[in-house]
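Q: quick one, what's the 3D model for this:
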Amino acid sequence: MVSGNELQEMYETMVTARHYEERLQEEYLVGKQPAFDISAGPIPGELHLAAGHEASGAGVCQHLRDDDTVTAPHRPHHIAIAKGVDLKRMTAEIFGRESGPSKGKGGHMHLFDPDVNFACSGIIAEGCPPAVGAGLAAKKQNTDSVAVAFLGEGAIDQGAFLESLNLAAVQNLPVVFVVEDNDWAISMPKDRITDVENGARRADGFDMPGTRVDADDAVAVYEAAREAIGRARDRNGPSLLEVQVHRRMGHFMGDPEAYRPAEDQEAAEQRDSIERLESELRAHGVDDETIEELRDRARERVEEAIEWATEQPEPEPDDAYEDVFVNPPSGVTDSEPSLAETGGDD
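A: Next up, the predicted model:
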């Protein structure tokens, strides 16, 4: 059973993640309206927000330690917050500031925090092979750390995912694959891109346990993840967990969602995992004053992170040539400067 303290911790994590996404949406749209200009504003480029996914990150990561590895997809903020990534530095990265963990070069889809073993990528299912690698390393080092790979339901047909399931099963690795099913693979409903309604059945072909949580329920996710992560930590092999979540915003900011029926959006708004967890807290005797304190603390943390991030300096233009790999052209010797060293080929 989940304890009252853990319920409060998960609730604060989820409220932090929700408020964070809502505030990023506000900041992102500055300068981009009325005519949407993706290059304008304090956060240029794409931004994929995870409002509605909170139960997945909180319920799973509640069982993890800093030495456990987590890989996330292109919609990563709720998972990063749940794993303990430094919120101020992550926000600086999203705003393209040099104080970010990747010095403002990675942006929101390429966050990396070695202090808590977290990374994400904009490539579909890309996080699965590195998670398997982390699981293999833990096995060879004879530790009890585990690896968790988060991905969307649109990624369950990708070769990287299926090959990772196979290797994890063959090597009996401490890896948990968590599929976040929000019903939409960008603009395509799930039933138009895969013939498996229950993505957890993908585990059947690899002789590993597969479990699906059908509701936006952090407690149900917590219980299912406890079994899967415990199994991995005890060196009993990998598991696949699919979690029903919902998408409260577009696939990316600026997405008009013309493809999405109004009733689907309305249904998503009604399936709020945060409201569900509030009811669970009250059932455990947590009063409204405590709940409001948790919400206030979450809001303050987010506001402090955004204020701090926007005060950080932007990288110098020449910094673009730092921290990159350069293969010198054929015929260039070690004594001759590369293009990155000379500043270009003009």
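
Q: show me the helices in the stretch 101-250 of the chain, by range?
A: 128-140, 159-170, 218-233 (DSSP state H, counting those that start in this stretch).

Q: would you list these in TSV and tack on distance to residue 153?
A: (Each C-beta comes from the backbone N, C-alpha and C, glycine too.) Below are those laid out as TSV (distance: least, C-beta to C-beta, whole Å):
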stretch	distance to residue 153
helix 128-140	14
helix 159-170	11
helix 218-233	15
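
Q: any chance of the ones you listed in TSV with distance to residue 78, mean pLDDT and mean neighbour count as columns?
A: Rendered in TSV, the data for these read as follows (distance: least, C-beta to C-beta, whole Å; pLDDT from 0 to 100; neighbours: other C-beta atoms under 10 Å):
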stretch	distance to residue 78	mean pLDDT	mean neighbour count
helix 128-140	18	98	20
helix 159-170	20	98	18
helix 218-233	11	98	21
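
Q: pretty sure residue 23 sits in a helix.
A: Yes - counting by DSSP: H, G, I helix; E, B strand; the rest coil, residue 23 falls inside a helix.

Q: was I right to think it contacts residue 300?
A: No - counting by C-beta atoms under 8 Å, residue 23 stays clear of residue 300, with 11.9 Å between them.

Q: those two: who's more crowded?
A: The neighbour count for residue 23 versus residue 300, taken as other C-beta atoms under 10 Å, is higher for residue 23 (16 against 12).

Q: contacting residues around that one?
A: By C-beta atoms under 8 Å, 6 or more residues apart in numbering, residue 23 lies in contact with 302, 303, 306.

Q: including distance to residue 68 and pLDDT, could the residues you listed go into a markdown table?
A: A markdown table is the format used below for these (distance: C-beta to C-beta, whole Å; pLDDT from 0 to 100):
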| residue | distance to residue 68 | pLDDT |
| --- | --- | --- |
| 302 | 25 | 98 |
| 303 | 29 | 98 |
| 306 | 28 | 98 |
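
Q: now list the buried members of the residues you listed.
A: 302, 306 (16 or more other C-beta atoms under 10 Å).

Q: quick check: chain neighbours aside, which residue is closest to the spatially most central residue of the chain?
A: Centrality entry for the chain: nearest residue to the mean C-alpha point is residue 76, 2.3 Å, by C-alpha atoms, centre = their mean. Leaving aside its chain neighbours, residue 76 sits nearest to residue 120 (3.9 Å; criterion: C-beta to C-beta, 6 or more residues apart in numbering).

Q: bridged to the one you found, which residues?
A: Counting by DSSP bridges, residue 120 is bridged to residue 72.

Q: OK, contacts around it?
A: Here residue 120 is in contact with 71, 72, 73, 74, 76, 79, 80, 109, 110, 111, 112, 127 (criterion: C-beta under 8 Å, 6+ apart).

Q: compute the distance between the first one and residue 194, please.
A: Relative to residue 194, residue 71 is positioned 21 Å away (C-beta to C-beta, to the nearest Å).

Q: for these two, indicate the residue with more neighbours.
A: A count of neighbours by other C-beta under 10 Å puts residue 71 above the other of residue 71 and residue 194, at 26 against 15.

Q: what does the pLDDT read for that one?
A: Note on residue 71: pLDDT of 98.

Q: identify the residue spatially nearest to it, adjacent ones excluded.
A: residue 127 is the one closest to residue 71 (C-beta to C-beta, 6+ apart), at 3.0 Å.

Q: can you pull out the strands in the stretch 151-300 of the chain?
A: 175-181, 184-185, 188-189, 210-213, 239-244 (DSSP state E, counting those that start in this stretch).

Q: quick one: strands adjacent to the last one?
A: By that I understand strand 239-244. The strands beside strand 239-244 in its sheet (DSSP bridges) come out as strand 175-181 (parallel), strand 210-213 (parallel).

Q: repeat for the third one
A: The sheet places strand 188-189 alongside strand 184-185 (antiparallel), with pairing taken from DSSP bridges.

Q: point out where the stretch 51-200 of the chain drops to low pLDDT.
A: Regions of the stretch 51-200 of the chain meeting the criterion pLDDT under 70 are absent.

Q: returning to that earlier point: need the strands of the stretch 151-300 of the chain in JSON lines with mean neighbour count and distance to residue 32, can you?
A: JSON lines is the format used below for the strands of the stretch 151-300 of the chain (neighbours: other C-beta atoms under 10 Å; distance: least, C-beta to C-beta, whole Å):
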{"stretch": "strand 175-181", "mean neighbour count": "29", "distance to residue 32": "27"}
{"stretch": "strand 184-185", "mean neighbour count": "21", "distance to residue 32": "23"}
{"stretch": "strand 188-189", "mean neighbour count": "12", "distance to residue 32": "25"}
{"stretch": "strand 210-213", "mean neighbour count": "20", "distance to residue 32": "36"}
{"stretch": "strand 239-244", "mean neighbour count": "27", "distance to residue 32": "31"}
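
Q: need these in a markdown table (columns: distance to residue 52).
A: A markdown table is the format used below for the strands of the stretch 151-300 of the chain (distance: least, C-beta to C-beta, whole Å):
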| stretch | distance to residue 52 |
| --- | --- |
| strand 175-181 | 10 |
| strand 184-185 | 11 |
| strand 188-189 | 16 |
| strand 210-213 | 14 |
| strand 239-244 | 10 |
